[in-house]
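[1] Predicted model, plus sequence, below.
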Amino acid sequence: MIGVSDARLKHVVRAVIEMTSLSFRAAGPRILVTRGWSPPRRGRPTLCWPAVQRLVPDRIDDVDVAQCYLDDRREPIDGRPWVVVNMATTIDGATALEGRSGGIGGPNDHLAFHALRSAADVVLAGAGTIRAENYGPVRVPDSHVAVRAAAGRPAPAVLASVSRSVAFEPDARIFSDPTQRPLLFTVTDAPAARIAALEPVADIVAVGSGDVDLPSVFAELGRRGVRCVVCEGGPALNGQLIAWDLVDEWCTTIGPILASGSSSRAAHGPGVAAPRGFRLDRLLYDGRDLLARYVADRSATA
Ligand SMILES: NC(=O)c1ccc[n+]([C@@H]2O[C@H](COP(=O)([O-])OP(=O)(O)OC[C@H]3O[C@@H](n4cnc5c(N)ncnc54)[C@H](OP(=O)(O)O)[C@@H]3O)[C@@H](O)[C@H]2O)c1
């Protein structure tokens, strides 16, 4: 492989092996490993590993993407966990291609995705995303297990969701590992029969009626010792997190694709009277994707 150092080659091979056994944003069954970038091909994600430049805060050539996200500091705030939202969008703002997020981000987006999961105590996704992306149990890359252990985190993170309808099948992939029961937050008026059907495979907590009360969810997670929640969307859940001013960090990958279509932008829902300001903490570029990390500026009046 021309121009690829032994260390990078080793890193690439290890990552490819790990990632083929992990779910991508939307997993494809087969992965083509190549150099250089080519547009996504239906049913056959393309995996390539160009060097990554850090452009902000200052320029560094060839950074380790996963390590960047693993090293970031994330501490609880006011008794609740630090909340990261992680999304990928096309340059025209689409969040899904044919209903799923796969194909928007390239391989470094996937590295960031798994590193963020490895930095989390809880991975949260709205019920719409769980269903659309056919979520399974969270898996931790072998190379991140020691990092989690050093941070006092068991492997893997707990997968959590919020749902009014609790419309999940008990044999859905999300429930497929009995050692990793998902945590479902729902409402006191959720359908009792569905709750009864899911109780053998999930831990179910009712918080609020009509809507799951998200501030109470995060307060409860804080009481359980959760320090960091990574929210993987979707846009409807993100919109509520923004409305409640619960987002501390926003990680976004911009894939160089124009998709149009009807998918939501990265957040939608009730607007906010005083938009929260964010600071660009880091910007990475791999020749294809831009990977940005924004942190809430809580000192700013919005
Ligand atoms: N590009 C990306 O990075 C990315 C990331 C994630 C998702 N996506 C895409 O986004 C789409 C799914 O997003 P979405 O916005 O439709 O759905 P979503 O935000 O994942 O989930 C919405 C659902 O979550 C439940 N929910 C949310 N807030 C709630 C609350 N306060 N109380 C009770 N239940 C609540 C409801 O579930 P019930 O209907 O069960 O009551 C609601 O219908 C998919 O196409 C997916 O591929 C893209």
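    Structure's in. What do you need?
[2] And what about A155, helix, strand or coil?
    Secondary structure assignment for A155 (DSSP: H, G, I helix; E, B strand; the rest coil): coil.
[3] hang on, it packs against R148?
    Yes: A155 lies in contact with R148 (CB atoms under 8 Å); the separation is 5.0 Å. For glycine as for every other residue, the C-beta is placed from the backbone atoms N, C-alpha and C.
[4] what's L214 in contact with, if anything?
    L214 is in contact with V162, Q240, L241, W244, L246, counting by CB atoms under 8 Å, 6 or more residues apart in numbering.
[5] now, which of those lie within helices?
    Filtering the contacts of L214 for membership in helices, criterion DSSP state H, returns Q240, L241.
[6] neighbour count winner among A155 and R148?
    Set side by side, A155 and R148 show more neighbours around R148, with 20 against 16, by other CB atoms under 10 Å.
[7] how far does the host helix or strand of that one sit from the chain's center?
    Secondary structure here is read from DSSP states H and E; on that basis R148 sits in helix 142-150. Averaging C-alpha positions (CA atoms, centre = their mean, to the nearest Å) puts helix 142-150 18 Å from its chain's average.
[8] Check which residues of that helix are buried.
    Using 16 or more other CB atoms under 10 Å as the test for burial, helix 142-150 gives S143, H144, V147, R148.
[9] now swap in stretch 200-207 and tell me
    Neighbour counts over stretch 200-207 (16+ other CB under 10 Å) mark V201, A202, I204, A206, V207 as buried.
[10] Switch these over to JSON lines; also include pLDDT, secondary structure and distance to the ligand.
    Putting the buried residues of stretch 200-207 into JSON lines (pLDDT from 0 to 100; DSSP: H, G, I helix; E, B strand; the rest coil; distance: CB to the nearest ligand atom, whole Å) gives the following:
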{"residue": "V201", "pLDDT": "98", "secondary structure": "coil", "distance to the ligand": "16"}
{"residue": "A202", "pLDDT": "98", "secondary structure": "coil", "distance to the ligand": "13"}
{"residue": "I204", "pLDDT": "98", "secondary structure": "strand", "distance to the ligand": "13"}
{"residue": "A206", "pLDDT": "97", "secondary structure": "strand", "distance to the ligand": "10"}
{"residue": "V207", "pLDDT": "97", "secondary structure": "coil", "distance to the ligand": "9"}
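[11] out of these, which one sits closest to D61?
    Nearest to D61 out of these is A202 (CB to CB; 45.5 Å).
[12] send the alpha carbons of the helix holding R148 over as PDB?
    Presented in PDB, the C-alpha positions along helix 142-150 are these (Å, rounded to 0.1, in the frame of the first residue of the first chain):
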ATOM      1  CA  ASP A 142     -11.100  -4.800  21.500                       C
ATOM      2  CA  SER A 143      -8.800  -1.900  21.400                       C
ATOM      3  CA  HIS A 144     -11.200   0.200  23.500                       C
ATOM      4  CA  VAL A 145     -11.800  -2.300  26.300                       C
ATOM      5  CA  ALA A 146      -8.700  -1.300  28.300                       C
ATOM      6  CA  VAL A 147      -9.600   2.400  27.800                       C
ATOM      7  CA  ARG A 148     -13.000   1.800  29.300                       C
ATOM      8  CA  ALA A 149     -11.600  -0.300  32.100                       C
ATOM      9  CA  ALA A 150      -9.100   2.500  33.000                       C
END
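[13] so what does it touch, helix or strand wise?
    Packing contacts for helix 142-150, counted by 3 or more CB pairs under 8 Å, 6 or more residues apart in numbering; DSSP states H and E, involve helix 6-20, helix 65-71, helix 107-118.
[14] For the stretch 151-300 of the chain, which segments count as strands?
    Taking DSSP state E, counting those that start in this stretch, the strands of the stretch 151-300 of the chain run over residues 158-162, 183-186, 203-206, 228-231, 249-255, 278-285, 290-296.
[15] Among the ones you listed, which comes closest to R100?
    strand 249-255 (13.3 Å).
[16] ok, the closest one: who's next to it in the sheet?
    On the basis of DSSP bridges, the sheet neighbours of strand 249-255 come out as strand 82-90 (parallel), strand 290-296 (antiparallel).
[17] what about stretch 237-256 and the ligand, any contact?
    Yes: taking CB under 6 Å from any ligand atom as the criterion, stretch 237-256 and the ligand are in contact, through L237, Q240.
[18] Before I go, just wanted to say thanks for your time.
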